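J.: okay, sequence plus prediction incoming.
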Amino acid sequence: MNQPPTHTPIIGYLLWIFGFLGAHRFYYGRPISGTLYFFTLGLLGIGWLVDLFLIPSLNRDADIRFHDGPIDYNTAWILLTFTGLFGFHRMYMGKWGTGIIYLLTAGVFGIGYIYDFWTLNDQISLINGSSRV
């Protein structure tokens, strides 16, 4: 059965612009390489340039791994990337309590913000998977 896409190359390339910080790697569910890119500025820019050509395959892999549902990955990732310290991505996912805590504590002093970069795809998959029951 062919499932609808969960990620889009357009968002992947938009986040690739910030790729030397690993944003696109986190978006496609690759937190270890995303962290490595963050601390090495995209493997000194070389990995960042190579990823320009790898985004289509990263996108295909993400579409296979993650579940489509009521929470849109693209919207959540845009909210996390640009307003994550304010918790808007958590409010969007229906996690109002932690969203308000993030809003009042700057993403629990940035630690929760980093945690969400590592786990956002899985959080959304759990919500989307439970909505199918």
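T.: Alright, I've got the coordinates. Numbering: from 1, shown residues only.
J.: and the closest residue to Asp68 other than its chain neighbours, what's its pLDDT?
T.: Distance criterion CB to CB, 6 or more residues apart in numbering; nearest residue to Asp68, sequence neighbours excluded, is Pro4 at 4.6 Å. Backbone N, C-alpha and C define where each C-beta goes, glycine included. The pLDDT attached to Pro4 in the predicted structure is 83.
J.: and Pro4, helix, strand or coil?
T.: Using DSSP: H, G, I helix; E, B strand; the rest coil as the criterion, the local structure at Pro4 reads coil.
J.: got a list of what the residue nearest the centre of the chain touches?
T.: Taking CA atoms, centre = their mean, the centroid of the chain lies closest to Tyr27, which sits 3.4 Å from it. Residues counted as contacts of Tyr27 (CB atoms under 8 Å, 6 or more residues apart in numbering) are His7, Ile11, Gly12, Leu15, Ala62, Trp77, Asn121.
J.: closest one of the residues you listed to Pro56?
T.: Compare each of these with Pro56 using CB to CB and the shortest gap goes to Gly12, at 8.5 Å.
J.: is that closest one in contact with Phe53, as I believe?
T.: No - Gly12 lies out of contact with Phe53 (CB atoms under 8 Å); the separation is 11.9 Å.
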